[in-house]
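Asker: just the structure for this:
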Amino acid sequence: MTTLNPAAPAARGSDRLARLLRGRAEDAPWVRPAFLGLLVVTGVLYLWNLSASGYANSFYSAAVQAGGESWKAFFFGSLDAANAITVDKPPAALWPMALSVRLFGLGSWQILVPEVLMGVATVGVLYAAVRRRFGAGAGLIAGVVLALTPVAALMFRFNNPDALLALLMTVAVYGVLRALEDGPGAAKWLVWAGVAFGFAFLAKTLQAFLILPPLALVYAVCAPGGIGRRVGRLALAGLAMLVSAGWWVALVELWPASSRPYVGGSQNNSFLELTFGYNGLGRINGNETGSVGGGGGPGGGAGGGRWGETGLGRMFNDSVGGQISWLLPAALLLLVAGLVVTRRAPRTDTARSAFLVWGGALLTTLAVFSFMAGIFHEYYTVALAPYVAALVGTGAAVLWEERTRFAASAALAVTAAVTAWWAWTLLGRTPDWLPWLRWTVLVAGGAAALGLLVAGRVDRRLGLAAAGLGLAAGLAGPFAYTLETVNTGHQGSIVTAGPAGGRGPGGFGGRMPGGFGGRTPEGGTAFPGGQGGQNGQGGQMPGGPGGQGQGQGQGQGQRQGQGQMPGGTPPQGMPQGMPQGMPQGGAARGERPGFGGGGGGMGGLLNGANVGTEAEAALLKDAGSYTWVAATVGAQNAASYQLATEKPVMAIGGFNGSDPSPTLAQFQRYVAEGKIHYFIGSGETGGGSGGEGNGRMGGGMGGNSEISTWVSETFEKVTVGSATFYDLTKEK
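Answerer: You can find the predicted model right below:
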């Protein structure tokens, strides 16, 4: 018999452990106020400085605006209210935000507050799931760890689909844990878990199913009852999942293509193709037809590819480590400890099942993220945050109850020491940012480890003090990163948490420390100046200095940009080979840093355009006479003009500009019917909006250059402010 054994005699304290593992710990008077306080503080933290991010990812904000205007756009997830093309995801994550916009109007808070509420709800559900078996203290620890995870603080204040996905995954795990209990209503909870999985699919397709295999396996092995009942309930839950996910998919696939928007991100106007291709297996093997640059082919290779190095170290590297990995080593250590403690428990023991469920979810997601060769961004790791937090809370609770045994106190001490060392390592990657914190964490963590090793076995109060010190040391780093995150606005398609230097080579163009040029949701000039040098000289991109990039263009006079790009090479999270015609310069005239052009980063692929008042006025003039006030290549460019005017703007080629929609013939028909007023040049120069670098007008991806060429050869060019428009009602 080992020292870590829940079946040990009562004199050794296992009666307390047994009560804890059965979830029968009585509530103290402080429990309810502490839980409510956790929710309130989380909400206040996530609401702080919320409007600094403006429309955040304008790609999704435009779809939210469209859904707030048109129920058809709401249902399909269209990028514009005239329903030209959808976003490259199913629309469930857009629905709460679109309803908010319908009720309260268009604005930053109306879009982002629903995401904050999802974050608070995720903390609450996680607390409930952990507390049920391991007590209120464990639940509170898990909730605090989740709330202070930097990538969680980022994504629960941002409008990507990941916030809803994290909430629904946590709900699904909660349902499975309830179903593993031997009591009335257990089957109902498994069905609800299936429903949560189904709606999570409608938020971010197949990523929702990453944790399905380990959860189903744990239920099949550990649930009470005979094997027939277990398999039958799993089948019932699978049916619920199929119905909750499949109803929308069936409607889209059966709907006549001529009367619905094109399915963005697909090459054949099929949601199933999008699901299993670009958003499915392509993310795993790197064969992403329609991806950035319209490319296909593997992005992985041996150990790395277009989207950074793959392998077991990916979650700990310079780019990803500061987002999620602060307590990841602790979670893995505590998972092992929890399984050791419960190793002799009966098959249906719910405590061991909880460790298997949370651990299975963590390890499966960790493995996929570590080795996926396709598109990978740092913010994806928010999916790991609830699992890490749950294992920290549950593992700490179990070891605390066993602390009078040397093996348990040693495990707590090792966990505290490793956590402090890893925080010291992560903070060392930003040596000029809060330099005192690094050594404070290391010293405090070391003292806590010694205290847990000795004091926890001698005196409960001294042990509590050591445990509190260890928890504070472990949370100090992520807390500081989280404060930096909420004090900073984030915009664009690729965003990262924490200080700029702590993101390694990733985090391309999503951060707004002093603000970027652009327009706020209220229409004024937002975040003036600060990031781009005059005439594009010396514009530095976030993430640190690097190689020089040259860009030339002709807009209102020729401009040259010498922009600093991090590391001199495309950063992690960006493809190694930029598409032909991709501008290479810095930001111009204080506009958003990126590659200039009317569309910000990567010619409008990652960030939107800086919409001037002259351009806005031109689009609004006689807007009611047109189905689309304008068309432009790439969804981010289109989104910026649409959000400025609240009028439909056609995104030619979808997000990447590589979708075959519309065809040249379709576009010519729309123009002939007088449905589009302007064509907006996009992604042209490194020096500023409206230029035509190298004679290109944009649209060089996915065959949409045919439309660009036809427009430039046929229609009159008009310079509107710093942007280049083509009036589609006036031929040359």
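
Asker: so which strand or helix has residue 716?
Answerer: strand 715-720 (DSSP states H and E).

Asker: may I have the strands that pair with that strand, each with its orientation?
Answerer: strand 723-731 (antiparallel) (DSSP bridges).

Asker: since we're on residue 487, how many residues are nearby?
Answerer: A count of neighbours around residue 487, defined by other Cβ atoms under 10 Å, yields 11. Backbone N, C-alpha and C define where each C-beta goes, glycine included.

Asker: I figured it was touching residue 50, is that so?
Answerer: No. Contact status for residue 487 versus residue 50: not in contact, 11.2 Å apart, counting by Cβ atoms under 8 Å.

Asker: give me the common contacts of the two.
Answerer: Between them, residue 487 and residue 50 share no contacting residue under Cβ atoms under 8 Å, 6 or more residues apart in numbering.

Asker: give me the pLDDT for residue 29.
Answerer: On the pLDDT scale, residue 29 is placed at 87.

Asker: scratch that, residue 184
Answerer: 84.

Asker: then residue 284?
Answerer: 74.

Asker: ignoring the adjacent residues along the chain, who's closest to it?
Answerer: residue 372 (5.3 Å; Cβ to Cβ, 6 or more residues apart in numbering).

Asker: likewise residue 225?
Answerer: Spatial nearest neighbour of residue 225, excluding adjacent residues (Cβ to Cβ, 6+ apart): residue 182 at 7.8 Å.

Asker: got the phi and psi for that neighbour?
Answerer: Per-residue torsions, residue 182: phi -90, psi 90 (degrees, to the nearest 10).

Asker: show me the helices in the stretch 201-350 of the chain, by range?
Answerer: All helices of the stretch 201-350 of the chain, identified by DSSP state H, counting those that start in this stretch, fall at 212-222, 227-254, 271-276, 282-285, 321-324, 328-341, 350-371.

Asker: show me the shaky parts of the stretch 351-500 of the chain.
Answerer: Along the stretch 351-500 of the chain, the parts satisfying pLDDT under 70 run over 456-457.

Asker: doesn't residue 678 belong to a helix?
Answerer: No. Residue 678 sits outside any helix when classified using DSSP: H, G, I helix; E, B strand; the rest coil, being strand.

Asker: doesn't residue 622 make contact with it?
Answerer: No. Residue 678 is not in contact with residue 622 according to Cβ under 8 Å; the separation is 11.0 Å.

Asker: pretty sure the residue nearest to residue 284 contacts residue 310?
Answerer: Yes. Residue 372 lies in contact with residue 310 (Cβ under 8 Å); the separation is 7.1 Å.

Asker: coming back round to it: between residue 678 and residue 622, which has more neighbouring residues?
Answerer: Legend: neighbour count by other Cβ under 10 Å for residue 678 and residue 622, higher for residue 678 (27 against 11).

Asker: got the contact list for that one?
Answerer: Here residue 678 is in contact with 618, 619, 629, 630, 631, 718, 725, 726, 727, 728 (criterion: Cβ under 8 Å, 6+ apart).

Asker: let me know the closest of the residues you listed to residue 239.
Answerer: Relative to residue 239, the closest of those is residue 631; by Cβ to Cβ it sits at 43.3 Å.

Asker: so where is the stretch 501-650 of the chain shaky, pLDDT-wise?
Answerer: For the stretch 501-650 of the chain, the ranges with pLDDT under 70 are 501-608.

Asker: dump the helices of the stretch 201-350 of the chain to a markdown table, plus distance to residue 415 and mean neighbour count.
Answerer: Formatted as a markdown table, these follow (distance: least, Cβ to Cβ, whole Å; neighbours: other Cβ atoms under 10 Å):
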| stretch | distance to residue 415 | mean neighbour count |
| --- | --- | --- |
| helix 212-222 | 23 | 18 |
| helix 227-254 | 34 | 16 |
| helix 271-276 | 40 | 19 |
| helix 282-285 | 32 | 19 |
| helix 321-324 | 17 | 28 |
| helix 328-341 | 5 | 22 |
| helix 350-371 | 15 | 22 |
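
Asker: relative to residue 40, which of these is closest?
Answerer: helix 321-324 (24.9 Å).

Asker: output the contacting helices and strands for that closest one.
Answerer: Secondary-structure packing of helix 321-324 (3 or more Cβ pairs under 8 Å, 6 or more residues apart in numbering; DSSP states H and E): helix 150-155.

Asker: again, 10 Å this time
Answerer: Applying 3 or more Cβ pairs under 10 Å, 6 or more residues apart in numbering; DSSP states H and E, one finds that helix 321-324 contacts helix 150-155, helix 385-401, helix 406-427, helix 460-486.

Asker: the third one vs helix 460-486, what angle?
Answerer: Here helix 406-427 points in a direction 20 degrees away from that of helix 460-486 (axes from the mean of the first three to the mean of the last three Cα atoms, to 10 degrees).

Asker: put the alpha carbons of helix 406-427 into PDB.
Answerer: Below are the C-alpha coordinates for helix 406-427, written out as PDB (Å, rounded to 0.1, in the frame of the first residue of the first chain):
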ATOM      1  CA  PHE A 406       5.300  12.800   2.700                       C
ATOM      2  CA  ALA A 407       4.500  11.800  -0.900                       C
ATOM      3  CA  ALA A 408       1.600  14.300  -1.000                       C
ATOM      4  CA  SER A 409       3.400  17.200   0.600                       C
ATOM      5  CA  ALA A 410       6.400  16.500  -1.700                       C
ATOM      6  CA  ALA A 411       4.100  16.500  -4.800                       C
ATOM      7  CA  LEU A 412       2.700  19.900  -3.700                       C
ATOM      8  CA  ALA A 413       6.200  21.300  -3.100                       C
ATOM      9  CA  VAL A 414       7.500  20.100  -6.500                       C
ATOM     10  CA  THR A 415       4.400  21.500  -8.200                       C
ATOM     11  CA  ALA A 416       4.900  24.900  -6.500                       C
ATOM     12  CA  ALA A 417       8.700  24.900  -7.400                       C
ATOM     13  CA  VAL A 418       8.200  23.900 -11.000                       C
ATOM     14  CA  THR A 419       5.500  26.500 -11.500                       C
ATOM     15  CA  ALA A 420       7.600  29.300 -10.000                       C
ATOM     16  CA  TRP A 421      10.600  28.200 -12.100                       C
ATOM     17  CA  TRP A 422       8.500  28.200 -15.300                       C
ATOM     18  CA  ALA A 423       7.000  31.600 -14.500                       C
ATOM     19  CA  TRP A 424      10.600  32.800 -14.000                       C
ATOM     20  CA  THR A 425      11.500  31.500 -17.400                       C
ATOM     21  CA  LEU A 426       8.500  33.000 -19.100                       C
ATOM     22  CA  LEU A 427       9.100  36.400 -17.500                       C
END
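
Asker: whatever helix or strand comes next after that helix packs against which elements?
Answerer: Sequence-wise, the next helix or strand downstream of helix 406-427 (DSSP H and E) is helix 435-458. Here helix 435-458 touches helix 385-401, helix 406-427, helix 460-486, going by 3+ Cβ pairs under 10 Å, 6+ apart.

Asker: ok, back up a step: joint contacts of residue 678 and residue 622?
Answerer: 629, 729 (Cβ atoms under 10 Å, 6 or more residues apart in numbering).

Asker: picking that back up, buried deepest among the helices and strands packed on helix 435-458, which one?
Answerer: Of those, the one with the most neighbours on average (mean count of other Cβ atoms under 10 Å) is helix 385-401, at a mean of 29.

Asker: residue 673: neighbour count?
Answerer: When neighbours are counted by other Cβ under 10 Å, residue 673 registers 9.

Asker: now do the one 4 residues further on
Answerer: The local packing count at residue 677 equals 24, with neighbours defined by other Cβ under 10 Å.

Asker: please apply the same query to residue 169.
Answerer: 27.

Asker: from residue 251, how far out is it?
Answerer: Remark: distance between residue 169 and residue 251 (Cβ to Cβ, to the nearest Å) = 24 Å.
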